[in-house]
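*Asks:* The amino acid sequence is not available; the structure is as follows:
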């Protein structure tokens with residue numbers, strides 16, 4: 001599958017790492033065909049041991065943002081010692097990803113102000 005131009009531009013603008021409390025995760029973008037273990041519903045994963053967030057790079061920009069945010073939320077749960085059963089954690093993260101992504105996108109001015117202070 002070919003990489004979308006807008007997706008590539010977004011990847012180029014993103015920082016190389018994400019800091020979550022005391023952990024720093026490297027962002028790595030991969031071609032999913034390199035790893036046959038990925039299933040059709042998987043767009044990325046967080047490797048807590050390697051401190052790395054791995055994202056399939058051939059997705060739309062919106063899916064890329066959602067996937068990064070989703071994996072960062074898993075990092076927040078781990079860093080904040082909020083581990084729950086995996087099934088419950090996944091449901092929580094899926095719900096929070098949608099809610100918080102919309103919150104951030106719909107309230108840019110609020111978050112700009114909060115970040116400055």
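*Replies:* In hand now; what should we look at? This one's a predicted model, so the numbers in the text were calculated from it and none came from an experiment. Numbers count the residues shown, from 1 in each chain.
*Asks:* just the strands in this protein please.
*Replies:* Taking DSSP state E, the strands of the chain run over residues 17-20, 23-30, 44-47, 52-56.
*Asks:* right, so of the ones you listed, which gets closest to residue 111?
*Replies:* The minimum distance between residue 111 and the strands of the chain falls on strand 17-20, with 16.2 Å, by C-beta to C-beta. Just so you know, the C-beta spots here come from the backbone N, C-alpha and C atoms, and that holds for glycine as well.
*Asks:* Give the partner strands of that closest one in its sheet and their orientations.
*Replies:* Pairing partners of strand 17-20, with direction, according to DSSP bridges: strand 23-30 (antiparallel).
*Asks:* quick check: angle from the strand it pairs with to strand 52-56?
*Replies:* Strand 23-30 runs at 20 degrees relative to strand 52-56, counting by axes from the mean of the first three to the mean of the last three C-alpha atoms, to 10 degrees.
*Asks:* Ok, which of the strands of the chain comes nearest residue 72?
*Replies:* Closest approach to residue 72 among the strands of the chain (C-beta to C-beta): strand 17-20, 5.7 Å.
*Asks:* any chance of the strands of the chain in CSV, plus mean pLDDT and mean neighbour count?
*Replies:* Listed next are the strands of the chain as CSV, based on pLDDT from 0 to 100; neighbours: other C-beta atoms under 10 Å:
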stretch, mean pLDDT, mean neighbour count
strand 17-20, 95, 16
strand 23-30, 95, 16
strand 44-47, 93, 19
strand 52-56, 93, 21
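*Asks:* which one of the ones you listed lies closest to residue 95?
*Replies:* Using C-beta to C-beta, the strands of the chain put strand 44-47 closest to residue 95, at 17.3 Å.
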